[in-house]
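Engineer: I would like the atomic coordinates for the input below:
(chains A and B)
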Amino acid sequence: MKLSKYFLPTLREAPQDADNVSVKLMFRAGMIRKLASGIYEWLPLGLRVLQKVENIVRSELNRVDGQEVRLPVIQPKELWMETGRWQIYGKELLRLTDRKDSEFCFAPTAEEVITNMVRRDVSSYRQLPILLYQFGLKFRDEIRPRYGVMRSREFLMKDAYSFHASDEDAQKWYGILYSAYEKIFTRCGLTFKPVEADSGPIGGNHSHEFMVIADTGEAEIALCPGCGYAANTEKAEVSEQPARQADPSKLQPVKEVPTPGLYTVEDVAKFLKMNPKQFIKTLFFLADGEPVMALVRGDHELNENKLRRVIGAANLEKAPQHIYEAIAGCPAGFAGPVGIKERYVPGKDTRPLKTVIADNALKNVFNGVSGANKNDTHATGINLGRDYNPDSFADIHVAAAGDLCPKCAKPFGFTRGIEVGQTFKLGTKYSKSLKCNFLDEHQKEMPMVMGCYGIGVTRTVAAAIEQGHDEWGIIWPPAIAPFEFSLISIESEDKAVAEASAAICSAIQAEGMEALWDDRDERPGVKFKDADLIGLPWRVVVSSKTLKDGECEFKRRAEKTALRWKLDEVPAKLKELKAEIK
RNA sequence: CGGGGCGUGGCUCAGCUGGUAGAGCGCUCGCUUCGGGUGCGAGAGAUCGUGGGUUCAAAUCCCACCGCCCCGACCA
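Structural biologist: Numbering: from 1, shown residues only, chains lettered A, B, ... in the order given. All right, here's what the predicted structure looks like:
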């Protein structure tokens, strides 16, 4: 491809609203442009990368007998009503109305549609298992889109769904897809880690996220250096710390202290000159409408997923301010566990506390600090057993520094990652609600067992850049680079240079690879800067300077030094490079 | 939804104590230069986010709306 005719508008400076490295580089390298908040255009260079990733995904899924389909992006409300997600999904689901006032949504995912398709035309165990997948635009109306195409509203996702006659078969296929995912991301040249993930309120019972390791990732991963356990901190279980015995002589009495206007743990800790680990954080939730109190250590963050699971609630939301007032008799920042159940006044606009659940870590907090259930007041010297008694203890905090691995009790290490794929074992959640049944060999009607597997294709591209760049620009892994070569002609109007360049370009094509040939009438500096920015893996420079020795110059994007190639050994060198792409 | 910030050529930004719009980059043309964003000259390109108001006069002051960004809440 001749650069002089290629639609590749590079920029010296990134737009002001580009908020992380990969978007800045994608803008500057002419891969994407923004049309609206969270909505992007993909220019030719960007699309080529997207297609490279797509092809790798496609080939690995086809290898495990996946069959590609294409599903509608506009989906009727009725199907979403059948699974109940029309109500559950909330504002993230973009809803549309047609001229006849029929309601639709723009697909955020496709479980409903695919399950509907399968239930219509698959009815026998003889037709199972089946693995269907598609590449499709998805739209999720994120509250706050950010980081360019890493968290956009419209994005390209590969979604795959498998249907099975038995749970064992679904489990076996989960493993097959898991391995396929490992191959896919390995082939893309990414450093990644599959981690255990929470399947969320509408997911199934088993899930992994594939994380591209990057400091800028939004997800935090807990890793055990001992046994290799790895999980999203939102999912990671923690072992209980060994219990310590309180020294009875050191136990203080409960004492109230005024803390006017200070309601965060951080502020109160600073004010009282105490460690946040001494604090008992008090939070109220509504679990299916019933008020619930959760206690975690001051330096810990409550994990709503864990809490929901412990309570066994379908729906869990933070309690509004008036619930705090009604139960604790004070604003949110001053509620505490001491005597909390006795404070409830019947007739207020809420029911009494259903249960009080404390995090395991609180067993080792002595002389704790918490709200005194009185405005502008905290209490110190709070001790478990003597001053408060939770109904139960559980692991309900987000795994953090100092926590121990659930498998081998070694302290966790932490790293950050970008979630580029997720696998779910769905079970029969959707097949039951959508009545996607089959007849087994005993003529018994059974719901199919399902799995679903997603890859954020657009996000994978951004993640690759996040992982591969330097101060000058992108450094593509060869397998997903938009072109393999930057071919730079210095003084492209020079006849000998033009001819030699054309010959090398053909030689590259002859190997089934492609070059982006910078034939523009530009100064060398401009061409080198653009080449570094675009970041193709290999660069060949043709100039009269080297041509007079019968040579051209070769340089890898990731390396500093350039080599000389004899013109007649170019085809052989290209063959060697081609072998590297695998 | 709460708090903060910003909307001026394609991009980055100046002008904002009111007087009818500027720079750099990019683009076009000419010359120059040719191994790390050459130099010079000439040019094209802007309803100053939208609507209303104040005023002889509004990019500039006031009001409303829209859009965008950041922090948080939210979400899996």
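Engineer: Quote the end-to-end distance of stretch A:6-20.
Structural biologist: 26 Å (C-alpha to C-alpha, to the nearest Å).
Engineer: hmm, who's touching that stretch?
Structural biologist: A:23-25, A:27-30, A:34, A:43-45, A:146-148, A:150, A:216, A:466, A:516, A:530, A:533-534 (C-beta atoms under 8 Å, 6 or more residues apart in numbering). Where C-beta positions appear, they are placed from N, C-alpha and C, glycine not excepted.
Engineer: Could you list which of these belong to strands?
Structural biologist: Applying DSSP state E to these, the entries found in strands are A:34, A:516.
Engineer: contacting residues for residue A:56?
Structural biologist: Contacts of residue A:56 (C-beta under 8 Å, 6+ apart): A:184, A:187, A:188, A:479, A:480.
Engineer: Determine the number of other residues adjacent to the last one.
Structural biologist: Summarising burial for residue A:480: neighbours were counted as other C-beta atoms under 10 Å, giving 25.
Engineer: Might you report the residue contacts of it?
Structural biologist: With contacts taken as C-beta under 8 Å, 6+ apart, residue A:480 has the following neighbours: A:49, A:52, A:53, A:56, A:188, A:189, A:461, A:464.
Engineer: okay, now the domains of chain A?
Structural biologist: A:11-71+A:107-237+A:415-465, A:248-394, A:483-581 (automatic domain parsing).
Engineer: Could you single out the most deeply buried of these?
Structural biologist: Taking mean count of other C-beta atoms under 10 Å as the contact definition, the stretch among the domains of chain A with the greatest mean neighbour count is domain A:11-71+A:107-237+A:415-465, which reaches a mean of 19.
Engineer: Chain neighbours aside, what residue packs nearest to the residue in the stretch 251-400 of chain A that RNA strand B sits nearest to?
Structural biologist: Proximity of the stretch 251-400 of chain A to RNA strand B (C-beta to the nearest atom of the strand) peaks at residue A:318, 4.6 Å away. Once flanking residues are discounted, residue A:318 sits nearest to residue A:285: 6.1 Å by C-beta to C-beta, 6 or more residues apart in numbering.
Engineer: Now secondary structure, distance to residue A:403 and pLDDT too, for the contacts of residue A:56, in a markdown table please.
Structural biologist: Written out in a markdown table, the entries for the contacts of residue A:56 read as follows (DSSP: H, G, I helix; E, B strand; the rest coil; distance: C-beta to C-beta, whole Å; pLDDT from 0 to 100):
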| residue | secondary structure | distance to residue A:403 | pLDDT |
| --- | --- | --- | --- |
| A:184 | helix | 31 | 98 |
| A:187 | helix | 34 | 97 |
| A:188 | coil | 32 | 97 |
| A:479 | helix | 37 | 96 |
| A:480 | helix | 36 | 97 |
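Engineer: out of these, which touch RNA strand B?
Structural biologist: Checking these against RNA strand B by C-beta under 7 Å from any atom of the strand, not one of them is in range.
Engineer: Identify, from those residues, the entry nearest to RNA strand B.
Structural biologist: The shortest approach to RNA strand B among the contacts of residue A:56 belongs to residue A:184, at 20.5 Å (C-beta to the nearest atom of the strand).
Engineer: Was I right to think that closest one contacts residue A:62?
Structural biologist: No. The criterion here is C-beta atoms under 8 Å, and residue A:184 misses it with residue A:62 at 11.7 Å.
Engineer: quick one: low-confidence ranges for chain A?
Structural biologist: Low-confidence regions of chain A, defined here as pLDDT under 70, cover residues A:199-205, A:345-350.
Engineer: so which residue of it comes closest to RNA strand B?
Structural biologist: Counting by C-beta to the nearest atom of the strand, chain A gets nearest to RNA strand B through residue A:525 (2.6 Å).
Engineer: In terms of helices and strands, where is that residue?
Structural biologist: Secondary structure here is read from DSSP states H and E; on that basis residue A:525 sits in helix A:524-534.
Engineer: Can you name the element that comes right after that helix?
Structural biologist: Counting by DSSP H and E, the element after helix A:524-534 in chain order, helix or strand, is strand A:538-542.
Engineer: What's the first helix or strand after that following strand?
Structural biologist: Downstream of strand A:538-542, the next assigned helix or strand under DSSP H and E is helix A:544-547.
Engineer: any residue of that next one up close to RNA strand B?
Structural biologist: Yes. In this structure, helix A:544-547 sits against RNA strand B according to C-beta under 7 Å from any atom of the strand; the contacting residues are A:545, A:546.
Engineer: Only C-alpha atoms, please: export that helix in CSV.
Structural biologist: Written as CSV, here are the backbone C-alpha positions of helix A:544-547 (Å, rounded to 0.1, in the frame of the first residue of the first chain):
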residue,chain,number,x,y,z
SER,A,544,20.8,6.3,-2.5
LYS,A,545,23.2,6.2,0.4
THR,A,546,22.9,2.5,0.9
LEU,A,547,21.9,1.7,-2.6
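Engineer: Can you give the distance of it from its chain's centre?
Structural biologist: Its chain's C-alpha centre and that of helix A:544-547 lie 49 Å apart, by C-alpha atoms, centre = their mean, to the nearest Å.
Engineer: The helix or strand that it is followed by close to RNA strand B?
Structural biologist: Along the chain past helix A:544-547, the next helix or strand (assigned with DSSP H and E) turns out to be strand A:551-556. Yes. Using C-beta under 7 Å from any atom of the strand, strand A:551-556 comes into contact with RNA strand B via A:553, A:555.
Engineer: list the helices and strands strand A:551-556 packs on?
Structural biologist: strand A:538-542, strand A:562-566 (3 or more C-beta pairs under 8 Å, 6 or more residues apart in numbering; DSSP states H and E).
Engineer: can you do 10 Å?
Structural biologist: In terms of contacts (3 or more C-beta pairs under 10 Å, 6 or more residues apart in numbering; DSSP states H and E), strand A:551-556 is packed against strand A:485-489, helix A:495-510, strand A:538-542, helix A:544-547, strand A:562-566, helix A:570-581.
Engineer: JSON lines for the ones you listed, including distance to residue A:361?
Structural biologist: Output for these, formatted as JSON lines (distance: least, C-beta to C-beta, whole Å):
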{"stretch": "strand A:485-489", "distance to residue A:361": "55"}
{"stretch": "helix A:495-510", "distance to residue A:361": "60"}
{"stretch": "strand A:538-542", "distance to residue A:361": "53"}
{"stretch": "helix A:544-547", "distance to residue A:361": "66"}
{"stretch": "strand A:562-566", "distance to residue A:361": "57"}
{"stretch": "helix A:570-581", "distance to residue A:361": "50"}
